[in-house]
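> Using only what follows, build the 3D model:
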Amino acid sequence: MNQPIIPTPTVQTSNILDEYADIRWQIAALSAKLEEIEPMAIEQALSIINEGATANGKRVVYRTDTIDIILQLRSQKPKPESHADLESLKELIELEAEKAQYQNQEEIASMEREIALLRSRLLRLQQTDEGRTYQAEYADLERQLTTLEPLLSVRLK
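Have a look, this model is predicted:
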C-alpha cells in the first residue's frame with residue numbers, strides 16, 4: 001500500500017507546530033471552563049443588578065481598568081418543540097397553509113407564472129448588452145484572480 005509521505009519536521013517547524021497545537025488546546029480548555037462557569041457568573045450578575053450595586057448604576061456589573069462586564073438581557077423566543085401548545089398551534093398553522101395552497105392552487109400557479117415572466121422582463125430592462133459584457137468580464141477576471149489561502153484545520157483528541 002502506498003502511504004503518503006509526511007516530511008520529517010525540522011526543529012523550528014516542529015516547535016512552531018507544537019506551540020500552535022498547545023495554544024489550540026489551551027483555547028479549548030479555557031472555552032470549556034468558561035462554558036462551565038458562565039451560568040454562575042450570570043447568576044452573580046443578576047444578583048448585583050437586583051441589589052442595585054452596579055458599577056455605573058446601569059448594567060455594568062463588574063469593572064476594572066481593563067474590562068467591563070455588562071449584563072445584557074436578550075429576548076429569546078421559545079422553541080415550539082419545547083412547548084406542547086406552541087407545537088400544536090404551529091401544526092395547525094401549517095395545516096391551514098397547506099389547505100389554502102390546495103384550495104387556491106390554480107390561481108397560485110397562474111400568479112407564479114406571471115411573476116416569473118415579470119422577473120424575466122425586469123431583468124432584461126435592468127441590463128444592457130454592454131452591462132452583460134461587463135458582468136461576464138468581471139466573472140472571468142474574478143475567476144482568474146481567485147487564490148487558495150492556506151489555513152490549518154485542527155482536530156483536538
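
> Next, the buried residues of the helix or strand of the chain with the lowest mean pLDDT.
In the chain, the helix or strand scored least confidently by mean pLDDT, DSSP states H and E is strand 60-63, which has a mean of 84. By neighbour count on 16 or more other CB atoms under 10 Å, the buried set for strand 60-63 is 60, 61. C-beta here means a position set from N, CA and C on the backbone, and glycine is covered the same way.

> gap between it and the chain center?
Remark: strand 60-63 is offset 28 Å from the chain centroid, using CA atoms, centre = their mean, to the nearest Å.

> go on, stretch 96-106?
34 Å.

> Kindly report the same for stretch 121-140.
The chain centre lies 32 Å from the centre of stretch 121-140; the measure is CA atoms, centre = their mean.

> Quick check: end-to-end length of that stretch?
Taking CA to CA, to the nearest Å, stretch 121-140 runs 26 Å from one end to the other.

> hang on, the earlier thing: what lines up beside the least confident helix or strand of the chain in the sheet?
Strand 60-63 sits in its sheet next to strand 68-70 (antiparallel), going by DSSP bridges.

> Now the next helix or strand after the partner strand: average pLDDT?
Counting by DSSP states H and E, the next helix or strand C-terminal to strand 68-70 is helix 84-103. The pLDDT scores in helix 84-103 average 96.

> Give me the residues contacting helix 84-103.
Applying CB atoms under 8 Å, 6 or more residues apart in numbering, the contact partners of helix 84-103 are 78, 79, 80, 81, 108.

> go on, stretch 65-72?
41, 42, 45, 46, 48, 49, 55, 59, 60, 61, 62, 63.
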